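Student: Just need the structure, nothing else, for what follows:
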Amino acid sequence: MQSHLNLSYVAQGHPRQKLDLYLPEKRKNLPLIIWIHGGAFRMGSKKNGVPLDYVAEGYAVASLNYRLSQHALFPAQIEDCKAAVRWLRAHARQYRLDPRRFGAWGSSAGGHLVAMLGTTGDVKALDTGEYLEESSRVQAVVDYFGPTDFLQMDAHRLPDGMAHDTPDSPESELVGGPIQENKDKVARANPITYITPSAPPFLIVHGEADPLVPHHQSELLTAALQKADVPVQFYTVEGGGHGRFTDPKVPEMTRAFFHKHLA
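Tutor: Model prediction:
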């Protein structure tokens, strides 16, 4: 495996605007999995949870950092992710990538951002900065328990689950104020807002007993994708919490999904 670490996808940008790229040796025209970490939009690192086992199977893997909510309010986070996708396309030949086969995979806050990548492929207002001649579209999305409609989270949270309507919730800090008082900003941060029939295939996985991001959030996204005739698979982990699943079907389905749509 070849590792290219701390590549700046924004010239002279924020210290968080960097990615790590892992490549299998010798192979060309590599399908790419773009991994986006979670962490409630306020923490986390591109070193967390990187699916490096896919490199041995012939995939390139890029892992992104992005500006957190203490650095910049939304839409800075999705602007960073889209900038990274464009940078990767612009450098596809250099790193032996196939620009027609980019998939995005993330969990929790990262799940939200990959869902945003999937539904905003043609939303030029979110493409800012360099390499604007390149597309920020992805060809497949794997969303592990990402939030979607922040305004509905508390109505469906578990009795002992996290509260989201408070001013200091991750979602409120992301948009710059209590979510119920900033509904327009919340709508802009909802991947469902942007769904069209041209969105790529989705695989969505969510734990039934998630105390942080209610399972209902993924039900909403699945229903909206189905309504637009976007191919979507939705898998519920029975009894599952916020990740760390032991259900063997989760990695099995994920691998099969990427093999179908990228490999």
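Student: Going by C-alpha atoms from here, please, whenever you check contacts or count neighbours.
Tutor: Noted.
Student: centroid residue for this protein?
Tutor: For the chain, the residue nearest the mean C-alpha position is Val114 (2.1 Å; Cα atoms, centre = their mean).
Student: who are the neighbours in contact with it?
Tutor: Ile36, Ala104, Trp105, Gly106, Val141, Val142, Asp143 (Cα atoms under 8 Å, 6 or more residues apart in numbering).
Student: Go ahead and measure how far the helix or strand hosting Ser172 is from the middle of the chain.
Tutor: Applying DSSP states H and E as the criterion places Ser172 in helix 170-175. A distance of 17 Å separates the centroid of the chain from that of helix 170-175, by Cα atoms, centre = their mean, to the nearest Å.
Student: when you give positions from now on, start the count at 35
Tutor: Happy to do that; since the first residue is 35 now, the last one works out to helix 204-209.
Student: May I have that helix exported as CSV, CA atoms only?
Tutor: Provided in CSV are the C-alpha atoms of helix 204-209 (Å, rounded to 0.1, in the frame of the first residue of the first chain):
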residue,chain,number,x,y,z
PRO,A,204,-24.2,19.5,17.8
GLU,A,205,-26.9,20.5,15.2
SER,A,206,-27.5,23.9,16.8
GLU,A,207,-23.8,24.6,16.9
LEU,A,208,-23.5,23.5,13.3
VAL,A,209,-26.1,26.1,12.0
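Student: neighbouring contacts of it?
Tutor: Residues outside helix 204-209 that contact it (Cα under 8 Å, 6+ apart) are 74-76, 103-104, 107-108, 184, 198-201, 212-213, 216, 219-220.
Student: Just the buried ones from the residues you listed?
Tutor: Buried members of the contacts of helix 204-209, scored by 16 or more other Cα atoms under 10 Å, are 74-76, 103, 107-108, 184, 198-201, 212-213, 219-220.
Student: any idea which of the residues you listed is closest to Thr280?
Tutor: Minimum distance to Thr280 across those is 22.2 Å, recorded for Ala74 (Cα to Cα).
Student: Check the gap between Gln173 and Gly152 for me.
Tutor: 8 Å (Cα to Cα, to the nearest Å).
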